[in-house]
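# Return a 3D structure for these sequence lines:
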Amino acid sequence: MSRTLSHSALAAAVRDIVLRAGEQIMTVYRTPFEVRTKADRSPVTEADEAAERLIAAALTKLSPSLPVVGEEGVAQGNIPDVSGGAFWLVDPLDGTKEFISRNGEFTVNVGLIENGRPTLGVVYAPAVDRLFWSEGPGRAFTQKDGKPVQIAARNKPADGYVVVASRSHSSSDEDAYLKTLPVRSVTSAGSSLKFCLVAAGEADLYPRFGTTNEWDTAAGHAILNAAGGKVLTREGGELGYAKPIFKNPGYIAYGRT
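Below is the predicted model:
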């Protein structure tokens, strides 16, 4: 990575890239697009692939020395060497099932990993025009009326957690876990927006015990960290990155606790 660029400058450049990818995704969204199935039986569309091509090319131009690990590239066997310690994680269309069902709850995710931790993230939900990003500790933002507004995770309310749960991937394990907690309400949502809702103080907790990939979580994790929250494994350790085949264990995303 070019050390002439601060995390603030990098975040600004990545926001531009992600917004352009969002425009491309919405062009496909408005058409009768085809849905195909990958080897892992997950769905993929023209929007996923076109957005990843755009993002990967732009990130490579922005930071030629950093590998780009993208969901669609990995699915095709393109697995870069990330042993150098810093790399990009890209989910060009997080929530493909939400995209297919046209409910608007899908996002473009780009996260920067440095020494196993997410240090910068950008998440954009193009159908509902919600943009979130982080630039480092204490610097998490959303955009309102075209201007950056700083966000922060909140302390758990006295009357119980507001929980966000996966719309397409809920599990009985998560339901059982929530029964052990003081929960005020549970709302289902798609994609990495769940991390962002916790980061913005609109929710307090997001448990996910099923299998996910690092590109699903990196950008939202970086934003939540910057907002004062955290993402822990079920055993209580911090969720790390550059793991074998980029697979995550179950985790819980918290606001301030």
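# Let me see the contact set for residue 68.
55, 56, 59, 60, 80, 87, 88, 90 (C-beta atoms under 8 Å, 6 or more residues apart in numbering). Using the backbone N, CA and C atoms, a C-beta is placed for each residue, glycine as well.
# Filter the residues you listed down to the buried ones, PyMOL style.
Here is the PyMOL command that selects the buried residues among the contacts of residue 68 (16 or more other C-beta atoms under 10 Å):
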select buried, resi 55+56+59+87+88+90
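# quick check, nearest of the contacts of residue 68 to residue 206?
Nearest to residue 206 among the contacts of residue 68, counting by C-beta to C-beta, is residue 90 at 21.1 Å.
# Now the element after the helix or strand hosting residue 133, going C-ward?
Element membership for residue 133 (DSSP states H and E) is strand 130-136. Next in sequence after strand 130-136, counting helices and strands by DSSP H and E, comes strand 139-144.
# tell me what that following strand is packed against?
In terms of contacts (3 or more C-beta pairs under 8 Å, 6 or more residues apart in numbering; DSSP states H and E), strand 139-144 is packed against strand 130-136, strand 147-150, helix 214-226.
# buried sites along the last one?
Residues 214-226 are the ones in helix 214-226 that count as buried (16+ other C-beta under 10 Å).
# got the residue ranges for the helices in the stretch 101-250 of the chain?
172-178, 193-199, 214-226 (DSSP state H, counting those that start in this stretch).
# Looking at the ones you listed, which is nearest to residue 143?
The minimum distance between residue 143 and the helices of the stretch 101-250 of the chain falls on helix 193-199, with 11.7 Å, by C-beta to C-beta.
# List every C-alpha atom in that closest one, with coordinates, as PDB.
Only the C-alpha atoms of helix 193-199 are listed here, as PDB (Å, rounded to 0.1, in the frame of the first residue of the first chain):
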ATOM      1  CA  LEU A 193     -26.100  -3.700   6.900                       C
ATOM      2  CA  LYS A 194     -26.500  -5.500  10.300                       C
ATOM      3  CA  PHE A 195     -23.000  -4.500  11.300                       C
ATOM      4  CA  CYS A 196     -23.700  -0.900  10.300                       C
ATOM      5  CA  LEU A 197     -26.900  -0.700  12.200                       C
ATOM      6  CA  VAL A 198     -25.000  -1.700  15.400                       C
ATOM      7  CA  ALA A 199     -22.200   0.800  14.600                       C
END
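# now, which of the contacts of residue 68 sits nearest residue 13?
Closest to residue 13, out of all of the contacts of residue 68 and judged by C-beta to C-beta, is residue 59, at 9.0 Å.
# That closest one and residue 122: what is the separation?
Distance of residue 59 to residue 122, computed by C-beta to C-beta, to the nearest Å: 11 Å.
# Just the angle for the longest helix seen in the chain relative to helix 214-226, thanks.
Assignment by DSSP state H gives helix 7-29 as the longest helix of the chain. Relative orientation of helix 7-29 versus helix 214-226 (axes from the mean of the first three to the mean of the last three C-alpha atoms, to 10 degrees): 130 degrees.
# So for helix 7-29, mean pLDDT?
For helix 7-29, mean pLDDT is 97.
# So which elements touch it?
Using 3+ C-beta pairs under 8 Å, 6+ apart, the elements in contact with helix 7-29 are helix 46-62, strand 86-94, strand 107-114, strand 117-125, strand 130-136.
# among those, which is nearest residue 237?
strand 117-125 (12.3 Å).
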